[in-house]
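**Q** The sequence isn't on hand, but the structure is:
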């Protein structure tokens, strides 16, 4: 079955056409700068396209996607549409796209202001442009809704959870779900037999503790700001620092929000870049800021992994994924060195090869727990969920 996967951001639309039978991407692309001067870039079986166009809203962006897929002779082969949605709120699994769902997503815009409105608009537009196709919303938060109360509640008055639904939601759930299932497949185990920590490391990063295929704890919280040091996000922070900056420097809410979301993390620590490739290169060349950023990133990552490991009865494997997790040998090695207390013994050659010649495993032969590198594929998982739903409503 061929599925169109849409990921509508605040000013962009990413798309891909996935063949779920052979798990291949037939076409993919990105529309950027929605609301200004739209930029379209895509590839497919009939070739590539790149151009600027008048794109005031998401509707014009999705129309261009439709035109491109028509030119690529794919449009009439698409049988369903899957939507990536960052925050699912109350939903614990993927859900069919209905007006009721769209209205609910709009009602929780404050949970993820940069994403939820765009997701709702994208779903409305897709239903208008592809009216005869089954459509499914796949939520980044859904995988984490199996966390027990003791893991998702904050130490603030319980009434804030009851009245405002303030709790730990967790994010990157589609990636955590995909790589945990892949790790089980690679190890020739059932997910129910394994206890894993999955580390999705990119410009946004999070870890999850997974027991018997279900999430029992995760590092991101009410928003994607919590947890690990990230590209431009601070990660976990003493809230009193914000009160101090308000009193001392006069920072208002908007200024504080910009500080912790856009100016912190690797960028803030290094004074150089939010890109781990640049940080690693400059650290090796002796740049002090880059060295500090790399050191703090890896230490905080190990600290968070150690913290959520206590949610498991034992640890079978630590699974690295995401752009940094899959490609940064330095980050993996330094993090595993920081986790020596858990018994990790890295194999430097395997790590250098990203586990390519050792069944994804980068720790030494016979050592436990394992450390693995497993590439994520969120679009494929969204497509597989959507195909399963589409078959059920045929």
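**A** It's in. Bear in mind that the values here come from a model prediction, so they are computed numbers and not experimental data.
**Q** List the contacts of the nearest residue to residue 389 once chain neighbours are set aside.
**A** Nearest non-adjacent residue to residue 389, counting by C-beta to C-beta, 6 or more residues apart in numbering: residue 136, 4.7 Å away. Using the backbone N, CA and C atoms, a C-beta is placed for each residue, glycine as well. For residue 136, the contact set (C-beta atoms under 8 Å, 6 or more residues apart in numbering) comprises 80-83, 94-97, 382, 385-386, 389-390.
**Q** Can you turn the buried part of the residues you listed into a PyMOL selection?
**A** Buried members of the contacts of residue 136, identified by 16 or more other C-beta atoms under 10 Å, are gathered into one PyMOL selection as follows:
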select buried, resi 80+81+82+83+94+95+97+382+385+386+389+390
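**Q** Could you tell me which of the contacts of residue 136 belong to helices?
**A** Assignment to helices by DSSP state H places the following of the contacts of residue 136 there: 382, 385-386, 389-390.
**Q** what's the farthest-apart pair in those?
**A** Every pair in the ones in helices among the contacts of residue 136 was compared (C-beta to C-beta); the two farthest apart turn out to be 382 and 390, at 12.3 Å.
**Q** on that earlier part again, can you add distance to residue 333 and pLDDT and give the ones in helices among the contacts of residue 136 back as CSV?
**A** Rendered in CSV, the data for the ones in helices among the contacts of residue 136 read as follows (distance: C-beta to C-beta, whole Å; pLDDT from 0 to 100):
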residue, distance to residue 333, pLDDT
382, 32, 97
385, 35, 97
386, 38, 97
389, 41, 97
390, 43, 97
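**Q** rewinding a little: anything in contact with each of residue 382 and residue 390?
**A** Overlap of the contact sets of residue 382 and residue 390 (by C-beta under 8 Å, 6+ apart) consists of 3, 136.
**Q** all helices of the stretch 1-150 of the chain, in order?
**A** Under the criterion DSSP state H, counting those that start in this stretch, the stretch 1-150 of the chain contains helices at 58-71, 99-107, 116-129, 149-152.
**Q** what's the angle between the first one and helix 116-129?
**A** Computed with axes from the mean of the first three to the mean of the last three C-alpha atoms, to 10 degrees, the direction of helix 58-71 lies at 50 degrees from that of helix 116-129.
**Q** Pull out the buried positions in helix 58-71.
**A** Buried residues in helix 58-71, defined by neighbour count with 16+ other C-beta under 10 Å: 58-66, 68-69.
**Q** do the same with the second one
**A** Using 16+ other C-beta under 10 Å as the test for burial, helix 99-107 gives 101-102, 104-105.
**Q** coming back round to it: beta partners for the residue nearest to residue 389?
**A** In this entry, residue 136 is beta-bridged to residue 82, residue 96, by DSSP bridges.
**Q** okay, now residue 249: neighbour count?
**A** With neighbours defined by other C-beta atoms under 10 Å, the count for residue 249 comes to 10.
**Q** Residue numbering should commence at 42 henceforth.
**A** Sure, I'll start numbering at 42, so the last one becomes residue 290.
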